[in-house]
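**Q** Quick one, structure for this:
(one chain, ligands or ions: 2)
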Amino acid sequence: MTVRLDNREYTVDTGTTFLDFFKKVGFGKGRDMVAVKLNGKSLDLTAPVEEGEVVPIYADSEEGVVIVRHSTAHVMAQAVKELFPKTKITIGPAIEAGFYYDFDYPPGFTEDDLPRIEEKMREIINKDLPIQRKVVKKAEAIDLFAKWGEDFKVELITEIGDEEVSIYFQDGFTDLCRGPHLPSTGKIPAFKLLSLAGAYWRGDEKNKMLTRIYGTAFPSQKALDEYLAFMEEVKKRDHRRLGKELDLFSISDEVGAGLVIYHPNGALLRYLLEDFEKKEHLKRGYQFVMGPHILKLDMWKRSGHYENYRDNMYFTKIDEVEYGIKPMNCLSHIMVYKSEIRSYRDLPLRYFELGTVCRHEKSGVLHGLLRVREFTQDDAHIFLRQDQLHEEIAAIIAFVREVMAIFGFSYELEISTRPEKFIGSEESWQTAEQVLREVLDKEGLPYDINEGDGAFYGPKIDVKLKDAIGRKWQCATIQCDFALPERFDLHYVDSDGKRKRPVMLHRVILGAMERFIGVLIEHYAGKFPLWLSPVQVLLLTITDGQAEYAKSVYNAMMQEGIRVQLDLRNEKLNLKIRDGIMKKIPYLVIMGKKEVESGTLSVRARDGSEQKNVALADILDKMKEEIVNRR
Ligand SMILES: [Zn+2]
Ligand SMILES: [Zn+2]
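**A** Residues are numbered from 1 along each chain as shown. Ligands and ions are numbered 1, 2, ... in the order given. All right, here's what the predicted structure looks like:
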């Protein structure tokens with residue numbers, strides 16, 4: 001038979017495996033092949049070659065690493081069965097960045113079991129056991145797994161509609177599996193077990209609680225080491241942990257899931273960001289507006305929110321009249337626009353509000369500050385003429401770029417197009433999508449297209465931030481809307497005296513303040529630049545003898561608008577310093593006998609550098625300069 005590989009044709013004997021075929025033609029040397037695609041279907045390397053187009057799957061490809069991880073999950077299950085023979089196996093898929101396997105082992109596993117399991121896995125890998133596939137009749141598979149007491153597998157097989165099922169075995173271990181798999185256990189390049197968790201059988205809390213073991217595998221030890229170092233860094237930066245350590249915010253079950261309580265440091269951080277934003281908006285010709293939290297249901301029906309966004313909204317009733325709690329700030333801004341007759345000369349009108357919205361997010365997706373149920377957007381709605389679209393969108397993008405540079409983020413752009421649920425005509429969608437493309441093209445900014453991910457009222461440009469460790473976060477968006485001006489019958493009087501429809505832009509720069517603060521905490525690893533630090537300076541005394549002097553320095557700094565705290569506790573200096581370091585305060589100022597006598601200060605910066613005999617005026621100047629330059 002004939003097979004095609006890399007644009008060449010080969011004649012192959014029937015019964016030859018892919019493994020033998022590749023060896024014979026000398027293909028794929030120096031790269032780890034894990035499986036193969038035949039006419040687009042993934043198969044084991046040990047499968048016999050069939051006629052058609054052959055494409056190898058390598059370990060370092062997206063598809064290949066999934067196969068590596070799934071085979072590692074099988075090896076883990078084998079190791080667990082060998083160490084804990086009473087264990088029953090359930091399911092063990094590859095997931096993003098790793099794999100897991102759920103086991104029924106009533107005593108449960110502990111963290112201490114993981115090294116033992118890893119050790120056993122290494123043994124299995126070193127034995128380089130062949131991983132073999134067999135297709136059997138369903139009844140036969142049920143008999144097999146029933147004989148071994150694997151009730152969960154029996155339950156799964158019983159539900160399969162096909163007459164035959166495939167099983168994979170290596171040594172004494174057998175699993176129900178579609179495959180493909182590595183040809184042998186020795187082909188697993190690098191792995192690590194990560195953690196334990198409880199998981200209900202089939203994710204249903206009415207079912208039995210199982211023990212889940214998470215692990216990961218990579219195409220090379222280097223890639224695995226890099227991943228583990230990255231995860232360590234992610235853990236260190238976790239905003240939920242830092243939020244507690246730095247006393248920024250809390251989320252309490254008593255209050256409700258996804259609802260943020262700001263503590264003094266967090267509220268101050270938010271004030272600083274909001275103050276910054278208000279000034280930046282005023283500089284760019286935005287006007288402040290504000291609307292109520294609840295608006296009559298009819299408004300939401302007219303806007304299309306009720307029809308398209310109802311599941312994410314909360315509703316309430318007052319004096320028998322139904323209201324919707326706003327999930328977006330658009331409608332009040334529209335009312336401001338409508339409050340007067342607008343001329344073409346008035347446009348663009350830019351309304352800005354730090355608008356708090358409530359959205360029903362499923363409890364499963366709530367995550368610290370990153371996904372919450374009540375949040376405040378730095379929201380603006382711009383009403384403008386069609387001929388102003390290009391210039392205005394370009395100005396918003398420049399705004400985003402300037403702000404992101406201040407925080408040290410790089411970014412990527414994406415255009416999201418018409419979703420399944422949408423309002424407005426297809427034609428206006430096309431126009432809007434084209435405008436967004438044209439602006440980015442003209443600005444020479446690269447972008448991706450995200451098909452079908454636009455808001456229901458218009459397409460949008462999304463800005464994805466890249467943080468200090470390379471993770472991407474969705475923050476700013478610019479949405480182009482022809483539909484709401486239509487629905488609310490907005491117009492302006494054009495130069496020819498005729499009434500025309502304005503276009504509406506919805507846009508946020510930071511996005512949700514909660515989410516942005518969460519991202520900032522992780523981006524800076526809690527070490528906020530001086531201008532954003534809730535506490536900028538901590539004053540420390542060595543003994544009570546410096547209390548008076550310290551108070552005078554404290555007052556002087558307060559007068560200059562520095563956010564300063566004073567630690568007069570009767571504790572060892574080292575302990576006081578350690579507390580200041582823990583709180584990641586930019587400057588610790590230490591005062592002992594010497595400093596009082598010379599009327600100077602000892603300054604310890606957050607990077608550990610120290611300076612003695614510093615005059616108060618000098619440190620104040622230095623800080624003010626840093627603050628002005630937003631460092
Ligand atoms: Zn499997
Ligand atoms: Zn809006």
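**Q** contacts, neighbours, all on C-alpha from now
**A** OK.
**Q** tally of neighbours for P419?
**A** 16 (other Cα atoms under 10 Å).
**Q** which non-adjacent residue is nearest it?
**A** Distances taken as Cα to Cα, 6 or more residues apart in numbering put G452 closest to P419, at 3.9 Å, once the chain neighbours are dropped.
**Q** so how many other residues sit close to the one you found?
**A** Around G452 there are 16 other residues, counting by other Cα under 10 Å.
**Q** from memory it sits against I415, does it?
**A** No - when contacts are counted by Cα atoms under 8 Å, G452 is not listed as touching I415 (9.8 Å).
**Q** got any residues that touch both of the two?
**A** Common contact partners of G452 and I415 (Cα atoms under 8 Å, 6 or more residues apart in numbering): none.
**Q** Can you tell me which residue of the stretch 501-631 of the chain sits closest to ligand 2?
**A** Per Cα to the ion, H506 is where the stretch 501-631 of the chain lies closest to ligand 2, at 4.5 Å.
**Q** Wasn't that residue part of a helix?
**A** No - counting by DSSP: H, G, I helix; E, B strand; the rest coil, H506 falls outside a helix, being strand.
**Q** wait, it sits on Q479?
**A** Yes - H506 is in contact with Q479 according to Cα under 8 Å; the separation is 5.0 Å.
**Q** Give me the more crowded residue out of the two.
**A** Between H506 and Q479, counted using other Cα under 10 Å, Q479 has the larger neighbour count: 24 against 20.
**Q** what helix or strand does that one sit in?
**A** Q479 belongs to strand 472-481 when elements are defined using DSSP states H and E.
**Q** and the next element down the chain from that strand?
**A** With elements assigned by DSSP H and E, the helix or strand that comes after strand 472-481 is helix 483-487.
**Q** buried ones in the helix or strand A617 falls within?
**A** Element membership of A617, judged by DSSP H and E, is helix 616-628. By neighbour count on 16 or more other Cα atoms under 10 Å, the buried set for helix 616-628 is 619, 623-624, 627.
**Q** Give me the distance from that helix to the chain's centre.
**A** Its chain's C-alpha centre and that of helix 616-628 lie 36 Å apart, by Cα atoms, centre = their mean, to the nearest Å.
**Q** Dead centre of the chain: give me the residue that sits there.
**A** What sits nearest the mean C-alpha location of the chain, by Cα atoms, centre = their mean, is W473, with 5.6 Å.
**Q** what pLDDT does that residue get?
**A** Per-residue confidence (pLDDT) for W473: 90.
**Q** Identify the residues contacting the closest residue to K244 other than its chain neighbours.
**A** Among residues not flanking K244 along the chain, S250 sits closest, at 7.0 Å (Cα to Cα, 6+ apart). S250 makes contact with 243-244, 260-263 under the criterion Cα under 8 Å, 6+ apart.
**Q** buried subset of those residues?
**A** Among those, the ones that count as buried by 16+ other Cα under 10 Å are 243, 260, 262-263.
**Q** which one of those is nearest M76?
**A** G243 (36.1 Å; Cα to Cα).
**Q** Does the closest one touch F249 like I think?
**A** Yes - G243 is in contact with F249 according to Cα under 8 Å; the separation is 5.7 Å.
**Q** what residues are up against the residue of the chain found nearest ligand 2?
**A** In the chain, no residue comes nearer to ligand 2 than C330, which is 3.9 Å away by Cα to the ion. With contact taken as Cα under 8 Å, 6+ apart, C330 is in contact with 381, 506.
**Q** try R385
**A** R385 neighbours (Cα under 8 Å, 6+ apart): 344, 347-348, 501-503.
**Q** Let's have those in TSV, adding pLDDT, secondary structure and distance to Y587.
**A** Shown next, in TSV, are the contacts of R385 (pLDDT from 0 to 100; DSSP: H, G, I helix; E, B strand; the rest coil; distance: Cα to Cα, whole Å):
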residue	pLDDT	secondary structure	distance to Y587
Y344	97	helix	53
L347	96	coil	47
P348	97	coil	45
R501	94	coil	55
P502	96	coil	51
V503	93	strand	49
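**Q** And the buried ones among these, selectable in PyMOL?
**A** In PyMOL syntax, the buried subset of these is picked out as below (16+ other Cα under 10 Å):
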select buried, resi 344+348+501+502+503
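**Q** show me which of the contacts of R385 neighbour ligand 2.
**A** Counting by Cα under 5 Å from the ion, the subset of these that neighbours ligand 2 is empty.
**Q** Tabulate the contacts of R385 (TSV), appending distance to Y457.
**A** Shown next, in TSV, are the contacts of R385 (distance: Cα to Cα, whole Å):
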residue	distance to Y457
Y344	24
L347	21
P348	20
R501	16
P502	15
V503	12
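**Q** Help me confirm that G324 is found in a strand?
**A** Yes - with three-state DSSP as the criterion, G324 is assigned to a strand.
**Q** From what I see, it and L297 are in contact.
**A** Yes - applying Cα under 8 Å, one finds G324 in contact with L297, separated by 5.4 Å.
**Q** Tell me which of those two has more neighbours.
**A** Counted by other Cα under 10 Å, G324 and L297 do not tie: G324 has more neighbours, with 22 against 19.
**Q** Thanks a lot, see you next time.
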